[in-house]
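[1] Build me a model from this:
(2 chains)
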Number of protein chains: 2
Amino acid sequence: MSRLLLLSSSRAGTTGYLDHARSLIADFLEANPAPIERVLFVPFAGVGKSYDAYLEQVRPAFASVGIEVESIHQAPDPKAAIHEAQAIAVGGGNTFALVKRLYDADLLGTLRECIAAGTPYIGWSAGSNIAGPTLCTTNDMPIVEPPSFITLSLVPFQLNPHFLSGKPAGHNGESREERLAEYLALNPEARVVALREGTALRREVDTLTLIGELDGESFTRNGQQPLPAGSRLDHLLARGASR
Amino acid sequence: MSRLLLLSSSRAGTTGYLDHARSLIADFLEANPAPIERVLFVPFAGVGKSYDAYLEQVRPAFASVGIEVESIHQAPDPKAAIHEAQAIAVGGGNTFALVKRLYDADLLGTLRECIAAGTPYIGWSAGSNIAGPTLCTTNDMPIVEPPSFITLSLVPFQLNPHFLSGKPAGHNGESREERLAEYLALNPEARVVALREGTALRREVDTLTLIGELDGESFTRNGQQPLPAGSRLDHLLARGASR
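    As a prediction, the model looks like this:
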C-alpha cells in the first residue's frame, strides 16, 4: 500500500530550504485518496539545532502549499501521533542520529506498520536513506552509534542521496562511486539507487518514478546503470530484482 | 608505553602508495628500543581486493627501508601473531570493515594489550581512525555493521584523517567542518584532531608531535584551532584535556 516521496535533498543548487520540493510535495499529497491537511514531522536527524527550530524551518514550505506541520517531538504520545498522522515527513540531517533516536523511542515498527497501511511518507536526505533496508549507503558521519543499521525497508533497494560523481582534485579520499562499489563488494546481492540533488523517487503502491531533471544511477555488483530522468522504475520494486 | 605513528593517508598528493611515509616509517622503527626487522600487517580495512593483493601492495614501501612484512590473515594463530609481533601496521580502506573484522576475530583487546606493553603501532587512514576511542569521526561509508563503534583508545582524542576544508561547489552535502561540528554537538566532551593528507602524529610514550609540512586542526565544542606543522602536542595526551 505504500505511498512514498523520497527526495535527495532539501535544496537543489542554490534554492531555498525545500523550495524545489514544494510542488512535488503538493502533487504527492493532493493525490492521496484521503484528503491531507497536516503532516507529522520527524526532526530527529537534526543536530546542532533544536527540534523547535527545525520545525520552524520546515513549516513555510508546507504552509505555502496549504499544509500544516506538527512535530513528533511535541507529541505527548509519539506512537499514537504516528497512528493518527495523515502523512509523515522525515527531514534530513545526520542519518545515524535519526536512526538512533528512532530506535531509542521504539518507533521503527510503528512507522513501518502505518506506512504499509497507507500513510503517505515524505523523506529528504537522511529521511530518504532510512526508506531502504539499512543505513549502509548514507553519506553521513557516524557521530553516534545506533543499536542497529536496519531501517524501514519501504523499498527493497538502498538509497544514496546527494549523489555526486567523482572526487575533489588532489584529494585521495574515495569517490562516491568507489564507496558504493565497496558497499557492493561486501553486500553483493544489494542494489543502490543514487539520487542527484533536486531529484526524487515517487512510489505509488506498485509503481515507482524518478522525478526531476537529472538522471539517477543504479549500482549493483554488475556495474552502474543510468536511470533516465522521469523514467518509470517499477521493476526495482520487485524484491528479487535487487536483493 | 605506547609508541604510535598515525598517518593521515597512504598517499600525499600524487605520490605512490606509502611513498611519502617511507622515511617516517624508517625513522619511527629505527628509534625503537628493540631492533625491528619485520612488521605484522593487518589488511582488514581492505575491500574489493584480496588480503594477499593488499599485502603485496604494502610490502615494497617497507622493503625499501629494510623491513619485512607478514600479514595477520596468513597467521595460523592471529592472537599469537600479535603477541609475537615486533611492530604492527594497520592499513587504510574502510573503517567499518576494519572494525567489524577486528571484533569478529576478537583482536581488539590483544592489540590494546600489546601496544600498551610497547609494541610500536603504525596506522594510516582507517588504521589511524581506530587509534582513537571510537570510529565516530571516520569519513568512510558504513558498508557493514560492526558490533560496536568502540576502538583502541591509543590516544584520548578522535582522529579525522584525509582532512579537507570546505565542500565541492554547488553541492549541498556537509563540509568536513560541519560534520565534525555535528559530532561535537552530540559528543561535547570530545576532541577531534584532523590530519591533512601527508601529515602524521607520532607518539613516543608521553610526547606527541605533528609530522609533515601542513598544519593539523583541533576541534572541540569551543571551536577550531590550528595545530602548527611540526609542533609538540603533548598536552593532548592528558585525558582531562580532551574528554
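[2] Where do the helices of chain A begin and end?
    Assigned by DSSP state H, the helices in chain A fall at A:22-30, A:51-63, A:78-84, A:95-104, A:108-116, A:126-129, A:176-186, A:239-242.
[3] Ranking these by mean neighbour count, which comes first?
    Counting by mean count of other CB atoms under 10 Å in any protein chain shown, helix A:126-129 has the highest mean neighbour count of those, with a mean of 30. The C-beta positions use only the backbone N, C-alpha and C, and glycine is treated the same way.
[4] Give the other helices and strands that that one contacts.
    Helices and strands touching helix A:126-129, by 3 or more CB pairs under 8 Å, 6 or more residues apart in numbering or on different chains; DSSP states H and E, are strand A:3-7, strand A:88-90, helix A:95-104, strand A:158-163.
[5] Can you say which of these is nearest to residue B:36?
    helix A:95-104 (38.9 Å; CB to CB).
[6] So the closest one, near chain B or not?
    Yes - shown here: helix A:95-104 in contact with chain B (CB under 8 Å from any CB of the partner chain) through A:96, A:97.
[7] where does chain A dip in pLDDT?
    A:168-172, A:239-243 (pLDDT under 70).
[8] any idea how far residue A:19 is from residue A:225?
    Distance of residue A:19 to residue A:225, computed by CB to CB, to the nearest Å: 30 Å.
[9] quick one: which of the two has more around it?
    Neighbour count, other CB atoms under 10 Å in any protein chain shown: between residue A:19 and residue A:225, residue A:19 has more, with 16 against 11.
[10] check contacts around the more buried one.
    By CB atoms under 8 Å, 6 or more residues apart in numbering or on different chains, the contact set of residue A:19 is A:11, A:12, A:61.
[11] near chain B, which of the residues you listed show up?
    Answer for the contacts of residue A:19 near chain B (CB under 8 Å from any CB): A:11, A:12.
[12] Quick check: which of the helices of chain A is nearest to residue B:43?
    helix A:176-186 (14.2 Å).
[13] Measure how the closest one sits relative to helix B:95-104, angle-wise.
    30 degrees (axes from the mean of the first three to the mean of the last three CA atoms, to 10 degrees).
[14] Would you mind extracting the C-alpha trace of helix A:176-186 into CSV?
    The C-alpha coordinates for helix A:176-186 follow below in CSV (Å, rounded to 0.1, in the frame of the first residue of the first chain):
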residue,chain,number,x,y,z
ARG,A,176,31.1,8.2,-4.3
GLU,A,177,31.3,5.5,-6.9
GLU,A,178,34.2,3.9,-5.1
ARG,A,179,32.3,4.0,-1.8
LEU,A,180,29.3,2.3,-3.4
ALA,A,181,31.5,-0.3,-5.1
GLU,A,182,33.0,-1.1,-1.7
TYR,A,183,29.4,-1.4,-0.2
LEU,A,184,28.5,-3.8,-3.1
ALA,A,185,31.7,-5.8,-2.7
LEU,A,186,30.6,-6.7,0.9
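[15] That helix to strand A:158-163, inter-axis angle?
    Using the same axes, to 10 degrees: helix A:176-186 against strand A:158-163 is 170 degrees.
[16] Tell me if helix A:176-186 is near chain B.
    Yes - interface with chain B: helix A:176-186 contributes A:179, A:180, A:181, A:182, A:183, A:185, A:186 (CB under 8 Å from any CB).
[17] Go ahead and name everything in contact with that helix.
    Contacts for helix A:176-186 (CB under 8 Å, 6+ apart): A:136-137, A:139, A:158, A:160, A:163-167, A:174, A:190, A:192, A:194, A:219-221, A:224, B:47-48, B:94, B:97, B:140-141, B:143-144.
[18] at 7 Å what do you get?
    Residues outside helix A:176-186 that contact it (CB atoms under 7 Å, 6 or more residues apart in numbering or on different chains): A:136-137, A:160, A:163-165, A:190, A:192, A:194, A:219-221, A:224, B:47-48, B:94, B:97, B:141, B:143-144.
[19] again, but for stretch A:206-214
    Here stretch A:206-214 has contacts from A:24, A:196, A:198-202, A:216, A:227, A:229-234, A:236-237, using CB under 7 Å, 6+ apart.
[20] I only care about the residues you listed that end up buried; give me the ChimeraX line for that.
    Listed next is the ChimeraX selection for buried residues among the contacts of stretch A:206-214, using 16 or more other CB atoms under 10 Å in any protein chain shown:
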select /A:24,196,198,199,200,201,202,216,227,233,236,237
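[21] Flag every residue of chain A that's near chain B.
    For chain A, the residues in contact with chain B (CB under 7 Å from any CB of the partner chain) are A:9, A:11, A:13, A:47-48, A:94, A:97, A:135-139, A:141-145, A:149, A:162, A:164, A:168, A:170-173, A:179, A:181-183, A:185-187, A:197.
[22] Quick check: nearest residue in space to the spatially most central residue of chain A, chain neighbours excluded?
    When CA atoms, centre = their mean is applied to chain A, the residue found nearest the centroid is residue A:128 (0.9 Å). Leaving aside its chain neighbours, residue A:128 sits nearest to residue A:6 (4.1 Å; criterion: CB to CB, 6 or more residues apart in numbering or on different chains).
[23] same deal with residue A:217?
    Closest to residue A:217 by CB to CB, 6+ apart is residue A:194, at 4.3 Å.
[24] For that neighbour, give me its contacts.
    A:160, A:163, A:180, A:216, A:217, A:219 are the contacts of residue A:194 under CB under 7 Å, 6+ apart.
[25] how close does it get to residue A:175?
    12 Å.
[26] For the contacts of residue A:19, give me CSV that also has distance to residue B:28.
    Putting the contacts of residue A:19 into CSV (distance: CB to CB, whole Å) gives the following:
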residue, distance to residue B:28
A:11, 45
A:12, 48
A:61, 54
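[27] and which of the contacts of residue A:19 is nearest chain B?
    Among the contacts of residue A:19, residue A:11 lies closest to chain B (CB to the nearest CB), at 4.7 Å.
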